[in-house]
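[1] Show me the folded form of this:
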Amino acid sequence: MHLRSMAARWAAISSLAITAACDDFALSGLSLGGGAQSLALVGGHVVAVGPSGYCVDSWASNPAQGFAAIVACASLSSSEAIPSRLAFMTLQVGEDGSAFAVNESTLRSLMRSAQAFDGVGSPDFSVDQGTEAALVVYRSSEPSTPIQGRAIFDVGERAAVLTLNEISGAPLSFPAAKRLMIETLRRLRSANATNGAEGT
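    Got it, this is the predicted structure:
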């Protein structure tokens, strides 16, 4: 697939995830809904899960549209412990047949060419071999702005974007944000291998 068409696909799905997150939470990381350890998306073809200490907020998610809000379980229940690494994450899954299905060098080129990172101060790009995902952790060049992260990867025949947003009052370092994203990606890989999405 031509890099330009892939970049357009990445921009569209990333924009959708960012828009949905802003509408539902204003990136506060707070929730009023109910949580679950996992949530079936797009008719059960993909399973959304979070890392240890995180739940999928069923109230803020939109399973039919492939969107999941992933928050600390403690924000949904006072009986849950607050995780050591606190952030607000979203997962957006694309349509069937939208998978990137590209190699590492193309993923790197795709991520680095994304116009969404214009004006961003020193973005940290990487490709995680274990989850076959391209990641970027960054913050705006403006002072005191929160750390954000994006990862693009395939779940079966669908493209997916995982986003991470640092929560005010719960600072994350770049390495901690990256570790949290990779843990989430590994949980997603495991859940969807069991679900069968990775083999479709």
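[2] Please count neighbours and contacts with C-alpha atoms only from this point.
    Will do.
[3] which residues does Cys179 contact?
    Small correction: residue 179 is Arg, not Cys. Residues in contact with Arg179 (Cα atoms under 8 Å, 6 or more residues apart in numbering): none are found.
[4] quick check, it in a strand?
    No: counting by DSSP: H, G, I helix; E, B strand; the rest coil, one finds Arg179 to be helix, located in no strand.
[5] What pLDDT is listed against it?
    Here the pLDDT value assigned to Arg179 is 94.
[6] What's the separation between the spatially closest residue to Val137 that is not a sequence neighbour and Thr194?
    Leaving aside its chain neighbours, Val137 sits nearest to Gly149 (4.3 Å; criterion: Cα to Cα, 6 or more residues apart in numbering). Distance, Gly149 to Thr194, using Cα to Cα, to the nearest Å: 26 Å.
[7] which of the two has more neighbours?
    Taking neighbours as other Cα atoms under 10 Å, Gly149 and Thr194 compare with Gly149 leading, 23 against 12.
[8] Sticking with the more buried one, tell me its helix or strand.
    strand 148-155 (DSSP states H and E).
[9] residues in contact with the residue nearest to Val137?
    Gly149 sits in contact with 135-138, 163-165, 177-178, 181, where contact means Cα under 8 Å, 6+ apart.
[10] what sits against the residue nearest to Val49 when sequence neighbours are not counted?
    Leaving out its chain neighbours, the residue that sits closest to Val49 by Cα to Cα, 6+ apart is Ser38, at 4.7 Å. By Cα under 8 Å, 6+ apart, the contact list for Ser38 reads 47-50, 55-56.
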